[in-house]
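> any chance you could fold what I've pasted below:
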Amino acid sequence: MSTAALDEIQELIQKLSGELGDMSEAASRHIDDLHVAVNNVASHVLAIEAVLSLVAQKVEVDEAEAIKWIRDKTAAYAEDSSESSAAEGITKSLLGKEE
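Below is the predicted model of the structure:
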């Protein structure tokens, strides 16, 4: 193999290496952005849970109606509608009726 061919291969490898580095940096930035977004959503959900929990202490909330609402809204996605979902457990927790 000629020196020119080896130089060309080396140049292509260096170019590929640089592009892979750029892709890695972009992926890392996207992961960081997703992490921030997930933390944002989690913070909002926690704040809403806090407020609703306090409201539920002052206002009568029918647990069965809340569970029915959850099951109605998630029936199309539920594998087994007879099993409790995480949302149902959280509902019970917010209403102070943890099992």
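> use CA for all of it now, contacts and neighbours both
Will do.
> would you mind measuring from the most centrally placed residue in the chain to residue 48?
When CA atoms, centre = their mean is applied to the chain, the residue found nearest the centroid is residue 38 (5.7 Å). In this structure, residue 38 lies at 15 Å from residue 48, with CA to CA, to the nearest Å as the measure.
> mind listing the helices for this structure?
3-58, 63-74, 86-94 (DSSP state H).
> buried deepest among those, which one?
helix 86-94 (a mean of 16; mean count of other CA atoms under 10 Å).
> avg pLDDT for it?
Mean pLDDT, computed over helix 86-94, is 88.
> how far does it sit from the chain's center?
Its chain's C-alpha centre and that of helix 86-94 lie 18 Å apart, by CA atoms, centre = their mean, to the nearest Å.
> next, the angle from it to helix 63-74.
Here helix 86-94 runs at an angle of 160 degrees relative to helix 63-74 (axes from the mean of the first three to the mean of the last three CA atoms, to 10 degrees).
> for helix 86-94, name the packing helices and strands.
Helix 86-94 makes packing contacts with helix 3-58, helix 63-74 when contacts are defined by 3 or more CA pairs under 8 Å, 6 or more residues apart in numbering; DSSP states H and E.
> under the pLDDT cut-off, which ranges of the chain? List them.
The chain contains residues with pLDDT under 70 at 80-83, 98-99.
> how does it divide up, domain by domain?
If you go by automatic domain parsing, the domain ranges for the chain are 1-59, 60-99.
> stretch 70-85: end-to-end distance?
9 Å.
> can you list the residues that contact it?
Contact with stretch 70-85 is made by 87-88, as judged by CA atoms under 8 Å, 6 or more residues apart in numbering.
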